[in-house]
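In: Next come a sequence and a model predicted from it.
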Amino acid sequence: MDLGGGSAQITWLISQSGNIRLSPKGSFSFPYGAAALTRKLAELKEGKSKKEADEAVAEFRKEMVANFVDAYNHLQVPQELVERAQREDGFPLYLSGGGFRGWGYLLLYVNQVHGRHYPISLINGFSAQKEQFEDTKVLKDVARNACEIFRVSDRRRIQVPAVAFLVNVLAEAIPHGIKEAHFCQGGVREGVLFQELLPSIRRQDPLEVATMRFAPPSGDAILNLLISGIPKHSQTSSKRFPESISSQVIGSFVQTLYVHSIMSKESASTAALYSTSTGIMSSTHGVSHSDRARLALLLEERYEGELPPREVDFKNSLRQLLTPEEVWWTRYVGKLGLLISKIYPAGVVDEAKPRVVLSAAWASNLGKRKDKQGLEVTWTIQKVRRDPAKLKEALEDHVGIMHKVGKRKNWIGGEDGWGMAVDVKVVEEDIL
């Protein structure tokens with residue numbers, strides 16, 4: 001949906017591999033923009049008693065609901081989207097336009113005051129679950145009483161009751177309900193331009209494209225090495241690497257693996273932690289806040305995960321956007337990145353003569369009593385008679401950081417939280 005000052009538009013969209021499917025009817029437009037709706041509601045109440053005004057507004061609300069229901073029926077929503085909405089208790093809404101962005105900034109405000117510490121202040125990629133998105137009473141109270149609200153002007157405040165009215169109508173009108181709302185920075189202009197691009201360009205991930213300019217010289221080789229340290233899906237159990245940490249996030253992590261390496265140890269971890277929200281990647285469009293959190297935590301771990309006390313709260317707030325399982329894996333993969341950066345400090349790999357080969361597999365015989373489940377990670381280096389660089393000794397000195405990730409006391413949520421044992425070996429073989 002798009003909500004401007006004068007009108008509101010609604011349609012459906014499916015994007016797969018850069019190909020976009022839209023409703024054959026295009027979109028339906030109604031004169032329910034934030035400013036127009038504010039004027040309309042005022043006109044309905046003008047010169048009337050409270051009872052008459054309430055009746056007029058209720059009649060108008062019925063009209064709006066009927067119009068949106070009719071629009072939904074004529075948009076020819078694909079059955080696959082309908083079935084998904086039935087399974088997941090509602091449709092995801094993707095919202096653009098200043099009217100909806102103002103609503104999103106109110107939601108951000110609510111999540112950043114009174115002891116709440118939502119970590120990212122970008123509207124682009126911000127998502128709200130059904131309960132909060134539809135809680136119009138709370139947001140109207142905030143707009144009326146808060147002294148200052150980030151990115152919400154006095155004009156937007158005046159329009160909040162009208163936007164709340166529209167949100168209530170949508171909650172009633174859309175079949176199967178609203179599952180969640182995603183707020184977008186762009187609008188119709190950006191959509192038209194995006195539609196003109198070739199599918200091969202449209203399918204590119206914005207985070208990967210944005211980080212491409214930072215890629216190390218041997219980015220592909222380092223990416224392949226890192227991926228070899230992530231175990232494949234187990235055929236005999238449900239163990240698997242979380243799909244939510246996508247290949248695009250991993251690719252972006254590798255491309256930014258060395259960006260903050262010129263900084264001192266005092267500032268590298270902190271700068272990496274903030275890089276996706278206020279740093280070098282903050283202006284990237286089309287990236288969810290959860291993906292920003294995943295990449296930020298990966299990069300912070302790559303710089304040993306050491307932070308001054310005042311930044312720990314921000315890190316914990318980012319972790320709150322993810323599941324404990326995801327957080328543990330960002331620690332594990334981040335430490336992989338740290339070790340790879342120590343082996344290849346310039347980001348250059350001689351693929352004809354690699355220094356190491358890496359492998360990871362699920363195991364159920366770890367620990368002193370051979371009864372722990374977890375990961376068995378093997379770093380294999382080329383066996384040589386003389387090694388002036390003492391690579392084996394250097395690796396053995398550093399693999400302890402991966403062992404620590406698997407220690408029960410370091411699991412996410414404490415000893416009863418989420419985690420697994422990690423056993424790391426360094427072996428010498430002929431790998432050339």
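Out: Noted; the coordinates are in hand. Numbering: from 1, shown residues only.

In: what's the helix or strand for Leu375?
Out: In this assignment (DSSP states H and E), Leu375 forms part of strand 372-382.

In: what's that strand packed up against?
Out: Applying 3 or more C-beta pairs under 8 Å, 6 or more residues apart in numbering; DSSP states H and E, one finds that strand 372-382 contacts strand 356-366, helix 391-398, helix 400-406, strand 421-429. To be clear about C-beta, it is placed using only N, CA and C from the backbone, and glycine gets the same treatment.

In: buried sites along the last one?
Out: Neighbour counts over strand 421-429 (16 or more other C-beta atoms under 10 Å) mark 421-424, 426 as buried.

In: would JSON lines of these with pLDDT and distance to Lys372 be doable?
Out: JSON lines is the format used below for these (pLDDT from 0 to 100; distance: C-beta to C-beta, whole Å):
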{"residue": "Ala421", "pLDDT": "95", "distance to Lys372": "4"}
{"residue": "Val422", "pLDDT": "96", "distance to Lys372": "10"}
{"residue": "Asp423", "pLDDT": "96", "distance to Lys372": "9"}
{"residue": "Val424", "pLDDT": "96", "distance to Lys372": "14"}
{"residue": "Val426", "pLDDT": "95", "distance to Lys372": "20"}
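
In: coming back round to it: so in that sheet, which strands flank the strand holding Leu375, and in what orientation?
Out: Its sheet considered, strand 372-382 pairs with strand 356-366 (antiparallel), strand 421-429 (parallel) by DSSP bridges.

In: Out of the buried residues of strand 421-429, which comes closest to Val356?
Out: Val426 (8.9 Å; C-beta to C-beta).

In: Please name the residues that touch the closest one.
Out: Residues near Val426 by C-beta atoms under 8 Å, 6 or more residues apart in numbering: 378-381, 392, 395-396, 399.

In: The helix or strand hosting Leu95 - contacts with which helices or strands?
Out: Take DSSP H and E as the rule and Leu95 turns out to sit in strand 91-95. Using 3+ C-beta pairs under 8 Å, 6+ apart, the elements in contact with strand 91-95 are helix 98-110, strand 178-183.

In: what about the helices in the stretch 1-150 of the chain?
Out: With DSSP state H, counting those that start in this stretch, the ranges of helices along the stretch 1-150 of the chain come out as 34-45, 50-74, 79-87, 98-110, 130-133, 136-145.

In: and Ala360, which of those helices is closest to it?
Out: From the helices of the stretch 1-150 of the chain, taking C-beta to C-beta, the stretch that ends up closest is helix 79-87, at 33.4 Å.

In: how big is the angle separating that closest one from strand 178-183?
Out: If you take axes from the mean of the first three to the mean of the last three C-alpha atoms, to 10 degrees, helix 79-87 sits at 110 degrees to strand 178-183.

In: Next, the angle from helix 79-87 to strand 91-95.
Out: Using the same axes, to 10 degrees, helix 79-87 lies at 110 degrees relative to strand 91-95.

In: coming back round to it: pull out the buried residues from the strand holding Leu95.
Out: Buried, per 16+ other C-beta under 10 Å, within strand 91-95: 91, 93-95.

In: What strands flank that strand, and is each parallel or antiparallel?
Out: strand 178-183 (parallel).

In: which outside residues touch the strand it pairs with?
Out: Under C-beta under 8 Å, 6+ apart, the answer for strand 178-183 is 85, 88-96, 100-101, 104, 123-130, 133-134, 170-171, 288.

In: of these, buried ones?
Out: 85, 90-91, 93-96, 100-101, 104, 123-128, 130, 133-134, 170-171, 288.

In: on that earlier part again, hey, which of the helices and strands packed on strand 91-95 is tucked in deepest?
Out: Of the helices and strands packed on strand 91-95, the one with the most neighbours on average (mean count of other C-beta atoms under 10 Å) is helix 98-110, at a mean of 23.

In: same question for it, mean pLDDT?
Out: Looking at helix 98-110 alone, the average pLDDT works out to 97.

In: circling back: from the chain's centroid, how far away is the strand holding Leu95?
Out: Strand 91-95 sits 16 Å away from the centroid of its parent chain (C-alpha atoms, centre = their mean, to the nearest Å).

In: Helix, strand, or coil at the residue nearest to Leu295 when sequence neighbours are not counted?
Out: Distance criterion C-beta to C-beta, 6 or more residues apart in numbering; nearest residue to Leu295, sequence neighbours excluded, is Thr276 at 5.2 Å. Look at Thr276: counting by DSSP: H, G, I helix; E, B strand; the rest coil, its state is coil.
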